[in-house]
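**Q** Can you look at this prediction? I've put the sequence above it.
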Amino acid sequence: MAAKDDLGRRGERIAERALTARGYEILDRNWRCPEGEIDLVALDGEALVFIEVKTRSSTAFGHPFEAITPGKLSRLRRLAAAWLAERGPVPGAARLRIDAIGVLAPRDAPASLEHLEGIF
Amino acid sequence: MPVARSHAIALLGLDGTVVDIEADISQQLPGFVLIGLPDLALGQARERVRAAAANAGCPITHRKLTINLSPAALPKHGTAFDLGIAMAALAADGVVPPASVDRVVHLGELALDGRLRPTPGILPSVLAASRAGFRTVLVPHGNAAEARLVGDVDVVGIASVRDAAIWHGAALQPIDVDPLLGAAPVAEAALDEGDLADVVGNRDAVDALQVAAAGGHHLFLLGPPGAGKTMLASRLPGILPDLAIDAALEVSSLRSLSGLPVGARLVTRPPLESPHHTASPAAIIGGGSGVLRPGAAARAAHGVLFLDEAPEFSPHALDALRQPLESGVITVSRAAGSARFPGRFQLVLAANPCPCGNAGSRDQECLCTPFAQRRYLGRLSGPLLDRVDIRLRVERITAAQLRTAGESGGVDTATARMRVRRARAVAAERLAATPWRLNAQVPGTWLRSPAGVPERGATAVLDRALERGGITMRGYDRVLRMAWTLADLDEATRPDEAHIGRALLLRRAAA
């Protein structure tokens, strides 16, 4: 596995731990379809949340959030619809939300995490 | 605090409006939106501000930043808003104290390395900020001297966006940078006007020049090529007195607006503008689709507008001058708005009498048909010439004049300027109770009032000319105005017969 994928997995694990600690119920992780992948699907109270996790080891090439382009955002919306079509309605979910989590994970320092809710 | 506000100035002509720059940071993906009718250069502030702030070591937020320029319906242009946008963004992010940013007007364009570039239009902007009640203005270091010409404002010259943040109280370590400086101001003496004493012969013309300077009369010089018309006209600014403080501020503001360097001192000498005869009406009056720029006539305000080869100018360009000649104000209206520029200049027209230039001259034969001659000067419209008081014929000097010129010795610029200043002081004292300051400005009613009437019986020659149809009633008043100027130059209390006779000569010498 390439180093960048490794870093991505590490970021996703960090994000998942943080969300669980905050009381999110993780429903799915790394769900794939022909159009792409959803990093995390979770239930936050009444909200069904689709989460894109972006991990960087430094900000030398920009902030993690800067990598989430409008194109990627609209794909995320289509993926959310595809996920719902495959899995059917989730009991207890009244609203949909798309979040982004940026993880800054330097090689030899503790990672820091930023969470943006409802990014469209 | 997610919302912060700073201030900048939007210029329309010389008039500035205070613009509130509001910055809002929302919890969204990174983005930078600039709203409030920016033009293209201002819209690109997004990229400049982001890069400059990052390179100066105080990056703006990684959230969504919305900048609103209010009043939102007022069109804004130029790059002077960069610093204000950066400060509002940093204040909204909590990097600098919002209260401090809200008290100050920020002006200046950012370079990508975070330094501030000297920006055109600083002087009128600072003036507008002062009139709007702001006490502190942050300007680029290279414009600080210019901004300090406005007396009652605390001007802070800033080298970089980081320095500005530190000035507001940001917890950053100062980094020394070399401030960006503009072009060095042109030394005023470099403008070679020449001395009046250089004019050989042509005593009438030298006298007429002093009358024009003393009374503020417009001047029309007619003569063959080589008679020295251009030489004479270029010496007129030299004999005009120094500018008063508000005129100097206006002239300096116009220089600043035109992007010309303004030094640490106000421009105190009257400007001379001599546009080429191919100039368009927009070049003379001012215009432009986005930014309304002053034209040659506005840049000549409080100085001299010299139109050499006047009949070669397009009739539209010449007639565009009629409005400022009448009102002293130039109004330029475009889609972006209406700008007002000062337009009280002294007009000097020079022309050949015909296409070949020799009509009426003693030494050479004119080759033009009578029709060509008429058509040539006919290009100067009646309404325009009507506003010109002095119409002087200038002849080539003869060998005899050249030989005798050295003996008599002409008047030099310094002496002439002294005479002009004295004459203007006399006129200003006489007109103290009226709104006018120069003889050229007084209306006919004043000339016929007890205060303005010449010596008894002095107008006999003028009355005769009027009776015989030699001059019109309007021309009659103009002769009286010039007679007053001649009297002021001679330090006489009222014009006598000789003054009126000479004034009549200045009026009728050509065309």
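**A** Here it is on my side, so go on. Numbering: from 1, shown residues only, chains lettered A, B, ... in the order given.

**Q** what residues are up against residue B:254?
**A** Counting by Cβ atoms under 8 Å, 6 or more residues apart in numbering or on different chains, residue B:254 makes contact with B:14, B:294, B:298, B:299, B:301, B:341, B:342. Bear in mind the C-beta positions are built from the backbone N, C-alpha and C, glycine included.

**Q** now the residues you listed: which count as buried?
**A** Neighbour-count burial (16 or more other Cβ atoms under 10 Å in any protein chain shown) applied to those gives B:14, B:294, B:298, B:299, B:301, B:341, B:342.

**Q** hey, what's the residue nearest to residue B:287 when sequence neighbours are not counted bridged with?
**A** Nearest residue to residue B:287, sequence neighbours excluded (Cβ to Cβ, 6 or more residues apart in numbering or on different chains): residue B:332, at 5.6 Å. Note on residue B:332: beta-bridge partners residue B:339, judged by DSSP bridges.

**Q** isn't residue B:332 right up against residue B:13?
**A** Yes. With contact defined as Cβ atoms under 8 Å, residue B:332 reaches residue B:13; the gap is 7.1 Å.

**Q** From one end of stretch B:432-450 to the other, what's the distance?
**A** Distance across stretch B:432-450, first residue to last, is 15 Å (Cα to Cα, to the nearest Å).

**Q** now what about it, what contacts it?
**A** Stretch B:432-450 has contacts (Cβ under 8 Å, 6+ apart) with B:214-218, B:389, B:424, B:427-428, B:431, B:452-453, B:477, B:480-482, B:484-485, B:488.

**Q** Read off the pLDDT value for residue 11.
**A** Answering for chain A, as no chain was given. Looking at residue A:11, its pLDDT stands at 90.

**Q** Sorry, I should have been clearer: chain B.
**A** 90.

**Q** so what's it closest to, chain neighbours aside?
**A** The nearest residue in space to residue B:11 (Cβ to Cβ, 6+ apart) is residue B:121, at 5.1 Å.

**Q** before we move on, what about residue B:245?
**A** In space, residue B:245 is closest to residue B:266, 7.5 Å off (Cβ to Cβ, 6+ apart).

**Q** check contacts around residue 91.
**A** By default, I'm working from chain A. Contacts of residue A:91 (Cβ under 8 Å, 6+ apart): none.

**Q** not what I meant, chain B
**A** By Cβ under 8 Å, 6+ apart, the contact list for residue B:91 reads B:1, B:4, B:5, B:6, B:23, B:97, B:98, B:101, B:102, B:168.

**Q** Buried residues, the host helix or strand of residue B:330. List them.
**A** Following DSSP states H and E, one finds residue B:330 within strand B:329-334. By 16+ other Cβ under 10 Å, the buried positions in strand B:329-334 come out as B:330, B:332, B:334.

**Q** So which elements touch that strand?
**A** strand B:286-287, helix B:322-327, strand B:337-342 (3 or more Cβ pairs under 8 Å, 6 or more residues apart in numbering or on different chains; DSSP states H and E).

**Q** so which of those comes closest to residue B:501?
**A** helix B:322-327 (27.2 Å; Cβ to Cβ).

**Q** Alongside chain A, which residues does the stretch 51-200 of chain B contribute?
**A** Along the stretch 51-200 of chain B, the residues adjacent to chain A under the rule Cβ under 8 Å from any Cβ of the partner chain are B:62, B:63.

**Q** In the stretch 51-200 of chain B, which residue sits nearest chain A?
**A** As assessed by Cβ to the nearest Cβ, chain A sits closest to residue B:62 within the stretch 51-200 of chain B, at 4.4 Å.

**Q** show me where chain A has strands.
**A** With DSSP state E, the ranges of strands along chain A come out as A:25-33, A:36-44, A:47-56, A:95-104, A:112-116.

**Q** Dump the second one to CSV, restricted to CA.
**A** What follows is strand A:36-44 as a C-alpha-only set of coordinates in CSV (Å, rounded to 0.1, in the frame of the first residue of the first chain):
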residue,chain,number,x,y,z
GLY,A,36,-16.4,6.6,-5.8
GLU,A,37,-16.0,6.1,-2.1
ILE,A,38,-17.6,7.5,1.1
ASP,A,39,-15.1,7.7,3.9
LEU,A,40,-17.6,7.5,6.8
VAL,A,41,-21.3,7.3,7.3
ALA,A,42,-22.6,8.0,10.8
LEU,A,43,-25.7,8.9,12.8
ASP,A,44,-25.5,12.0,14.9
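
**Q** Next, the angle strand A:95-104 makes with it.
**A** Strand A:36-44 runs at 110 degrees relative to strand A:95-104, counting by axes from the mean of the first three to the mean of the last three Cα atoms, to 10 degrees.

**Q** now swap in the first one and tell me
**A** Using the same axes, to 10 degrees, the interaxial angle of strand A:25-33 with respect to strand A:95-104 works out to 80 degrees.

**Q** do the same with the shortest one
**A** On the basis of the same axes, to 10 degrees, strand A:112-116 is oriented at 150 degrees to strand A:95-104.

**Q** for the chain, which spans come out with low pLDDT?
**A** Picking chain A for this. Residue ranges of chain A with pLDDT under 70: A:1, A:120.

**Q** try chain B instead
**A** Looking at chain B by pLDDT under 70, you get B:1, B:183-193, B:405-409, B:508-511.

**Q** give me the number of residues near residue 105?
**A** Let's take chain A. 19 (other Cβ atoms under 10 Å in any protein chain shown).

**Q** look at chain B instead
**A** Neighbours of residue B:105 using other Cβ under 10 Å come to 26.

**Q** Much appreciated, bye for now.
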